[in-house]
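Participant: Just a sequence and a predicted model for now, questions to come.
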Amino acid sequence: RSSDLRLTSAAANFDIEYGPRGFNHGAGTTLTSTADSIELTGLTQGTTYDVYVRAHCSATDMSAWSFAYTFVTECGVNPLPYTEDFERYGSGAAFTIDPCWVKGTNSTTAYPYPYSTNAVTGNRSLYFYATTSSNYYSYAALPLMADSVKNLMLSFNVRRYGTVGNTYTTRLVIGVMTDPNDITTFFPMDTLDLQQAAASSIHGYEYCFSNYTGNGQYIAIYDAVPPTYGGTSSTSYAYVDDIVVDHIPSCLRPTDVTISNITDNSATVRWTGNAPSYEIEYGPQGFNRGMGFTVTSNTDSIDLVGLQNSTNYDVYVRGICSAADQSEWSFVRSFATTCGPNALPMLFDPDNYATGTATPLPLCWTRTNNATGTTNYYPYIFSSSANAHSGTNVLYYYFTTSSGYANDELMAFPEVDTVNFPMSTVEVSFWAKSSVAGKPFMVGVMTDPTNVSTFQVVDTITLTTTSSEYFVEFTNFTGNGSYVALRGVI
């Protein structure tokens, strides 16, 4: 963590300024020397520095600053816990990361590299790539840690690639290397394979190296050439973020959290752990820990009851090894209760939902249309402040006789609890407008939201080009449907 700097000049005194590579003159650390050398101390290991020198010939006579001299301090042992979130680097293959990491690939592109797309948190992740085409692979060996690998635990977050199917995957092998510059010294310990996971889904990963018996000192993440998964080729893309290396704790974080037996008001949570008891916290998706519902269990599972139907939930589990020894919370596991009858009133504001043709619809909304081409995504939630009555989002219908498009589009909303709220007591209100005046728009009821033939018209509205509020009473409805639907035809 020090460096000797030698100078060549006839001057009697020298000014030295140094700092992290790229620092601005005047913002660095300054020293003076009466000799032609000086030792820079207190430097950070594995860090690139710039240093400038100027001759101080007299109180009024100083030379111009020298050109920058750049050097890198040697890599040492890193104290624990060690963290890396890649936020301090540029984005793209041209940018390096901590010089004490070793990256390797047989591709012509310098994988893995810091990347601004698909980060899990913040704005950067480390982007890995491997493919059966040309048998490309990529890996990253972490810096040397201040303990034996067998006493360490690695955790990180990873985002799966955005396309699913046999051709694309996210698959990482976790292991140890004796020589971080030689991939043949890589010893595999575990494999994270997200081939069956949802597109762009985020996954927390943790591995304890207690079973490692070799003499390697470098933990490594390896995007090896993937299997073909029954196809003819495959490519693995991985976006790794929020790396932590620390000692293996005495109370291990529960792993393999799964959700099963999901109904409209209950679900079963199971996990793997070594604690005598566990605390479970759950709540609506995105809730802040400490603000959810908590329950305890003395086994490795629990039934959550009293849930709301048609709702996304997050759940966390932690081990309680003793009153003074609790594990870290598990990585979040999300699930959705099934659709079920809903009490009234129900409010649906498009501003509360994500927009886009590829974005999934809100839970328990059902879209049908008669499009024959690829434009089969109408109606969908669309960002258009010019057409929204309030906010920015609208439910966008586009029906036309053009080839491949739909001329009949329908959106059914979550089921009404008609036992307690008979459909004849229902009133529907909404704001709407049309790009062409005089177009009919139907409000009705369905018995099966996936079958357009079950649609029963309650009222037909003639839309104008001005946003207006409409009220439809179902007083005269005598059918047995329980799904309110809005239908546009041409």
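Facilitator: Yes, it's here.
Participant: Residue 164 reaches residue 194, doesn't it?
Facilitator: No - between residue 164 and residue 194 there is no contact under Cβ atoms under 8 Å: 9.7 Å. In this view, the C-beta of every residue, glycine as well, is placed from N, C-alpha and C.
Participant: Would you mind telling me which of these two has the busier surroundings?
Facilitator: Taking neighbours as other Cβ atoms under 10 Å, residue 164 and residue 194 compare with residue 194 leading, 20 against 17.
Participant: Surely residue 226 and residue 236 touch.
Facilitator: Yes - here residue 226 reaches residue 236: they are 4.4 Å apart, a contact under Cβ under 8 Å.
Participant: higher neighbour count, the two?
Facilitator: Set side by side, residue 226 and residue 236 give different neighbour counts by other Cβ under 10 Å, the larger being at residue 236 (26 against 22).
Participant: Spatially central, which residue of the protein would that be?
Facilitator: residue 120 (3.8 Å; Cα atoms, centre = their mean).
Participant: Next up, the contacts around that residue.
Facilitator: Listed by Cβ atoms under 8 Å, 6 or more residues apart in numbering, the contact set of residue 120 reads 157, 158, 159, 202, 239, 241, 242.
Participant: Let's see which of those residues end up in helices.
Facilitator: Using DSSP state H, the subset of the contacts of residue 120 located in helices is empty.
Participant: Got a PyMOL select line for the buried ones in those?
Facilitator: Selecting only the buried entries of the contacts of residue 120 in PyMOL, with 16 or more other Cβ atoms under 10 Å as the criterion:
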select buried, resi 157+158+159+202+239+241+242
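Participant: Generate TSV for the contacts of residue 120, with pLDDT and distance to residue 173 as supplementary columns.
Facilitator: Output for these, formatted as TSV (pLDDT from 0 to 100; distance: Cβ to Cβ, whole Å):
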residue	pLDDT	distance to residue 173
157	97	17
158	97	13
159	97	17
202	94	20
239	98	16
241	98	18
242	97	19
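Participant: which one of the contacts of residue 120 is nearest residue 110?
Facilitator: For the contacts of residue 120, the residue nearest residue 110 by Cβ to Cβ is residue 239; the value is 16.0 Å.
Participant: just checking, the closest one touches residue 121?
Facilitator: No - counting by Cβ under 8 Å, residue 239 stays clear of residue 121, with 11.3 Å between them.
Participant: how about the strands of the stretch 301-450 of the chain, start to end?
Facilitator: Secondary structure of the stretch 301-450 of the chain (DSSP state E, counting those that start in this stretch): strands located at 301-305, 312-322, 325-326, 333-336, 366-369, 380-383, 393-396, 408-412, 427-432, 440-446.
Participant: Need the winner for burial among those strands.
Facilitator: Most buried of the strands of the stretch 301-450 of the chain, by mean neighbour count (mean count of other Cβ atoms under 10 Å): strand 408-412, with a mean of 22.
Participant: would you put the C-alpha positions of that strand in PDB?
Facilitator: Coordinates of the C-alpha atoms in strand 408-412 are reproduced here as PDB (Å, rounded to 0.1, in the frame of the first residue of the first chain):
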ATOM      1  CA  ASP A 408     -63.500  -6.800 -31.800                       C
ATOM      2  CA  GLU A 409     -61.600  -6.300 -28.500                       C
ATOM      3  CA  LEU A 410     -62.700  -7.000 -25.000                       C
ATOM      4  CA  MET A 411     -61.400  -6.500 -21.500                       C
ATOM      5  CA  ALA A 412     -62.900  -8.400 -18.600                       C
END
